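Asker: here is my input, please return the structure:
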Amino acid sequence: MLAATVMPVVMITSAALCLLCGARSRNPLQLVAACVMFAAMLDHAVTGLVPPVLWAALLMGAGLGVGLSLRLSDGRATSRGGAGVSGAAPAALGEPCHGHGILTALSYPAMGALLLVSAAPPAQTSATSLVVEELHQHGGVPSPGLLTVAVVVLALGLACVALAAVRGGQRLAATDAGAMSLMLGTMLA
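Answerer: This next block holds a predicted model:
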């Protein structure tokens, strides 16, 4: 009973922290992605007005937008003679490491998949479930267990990035990665 009341609060609070970090980043694509995520979590946790399929599609687009913003920042580094030109590591040149951005970009589609899984009707024993089970055995449909493992690895990766950011004195990156990790963990529960 307590989990049912705490989980929506954690999801919305984590999304609000990610939105704050997106606004402070001054990156319009990351801000739009954070707005989509906040709206999706608010709708999923409170109202349920928008179908989860639409949120999943929007979150997939948000993840692509975050990935595009990473690519654009790589292009700016290359044009300035940064990491893309020489073979040196980005940290040696003062360029930010994109591990956090890559994990964040992967988190948006993962959230969309978790929204779809949470909205799916409970399994029933019927001819349809037998067909789905047959497809699982032949690799036609990804297993829900595979999604769970992927999200756990993603959440742990984000938690590690958050800890590294705390040690490096990057409070904004630590807050963003930590909130994203917490949100993914909450959605799994």
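Asker: and residue 180, how many neighbours?
Answerer: When counting by other CB atoms under 10 Å, one arrives at 30 neighbours for residue 180. To be clear about C-beta, it is placed using only N, CA and C from the backbone, and glycine gets the same treatment.
Asker: same question, the one 3 residues further on
Answerer: Using other CB under 10 Å, residue 183 is surrounded by 25 other residues.
Asker: for the residue nearest to it when sequence neighbours are not counted, pull up the helix or strand it's in.
Answerer: Using CB to CB, 6 or more residues apart in numbering and skipping the chain neighbours, the partner closest in space to residue 183 is residue 14 (3.8 Å). With elements taken from DSSP states H and E, the one containing residue 14 is helix 2-25.
Asker: and the contacts of that helix?
Answerer: 30-31, 33-35, 37-38, 40-42, 44-46, 172-173, 175-176, 179-180, 182-183, 186-187, 189 (CB atoms under 8 Å, 6 or more residues apart in numbering).
Asker: what do you get for stretch 171-178?
Answerer: Stretch 171-178 has contacts (CB under 8 Å, 6+ apart) with 17-18, 20-22, 24-25, 100, 103-104, 158-159, 161-163, 165-166.
Asker: could you rerun that using 7 Å?
Answerer: Identification of contacts with stretch 171-178 by CB atoms under 7 Å, 6 or more residues apart in numbering yields 17, 18, 21, 24, 100, 158, 159, 161, 162, 165, 166.
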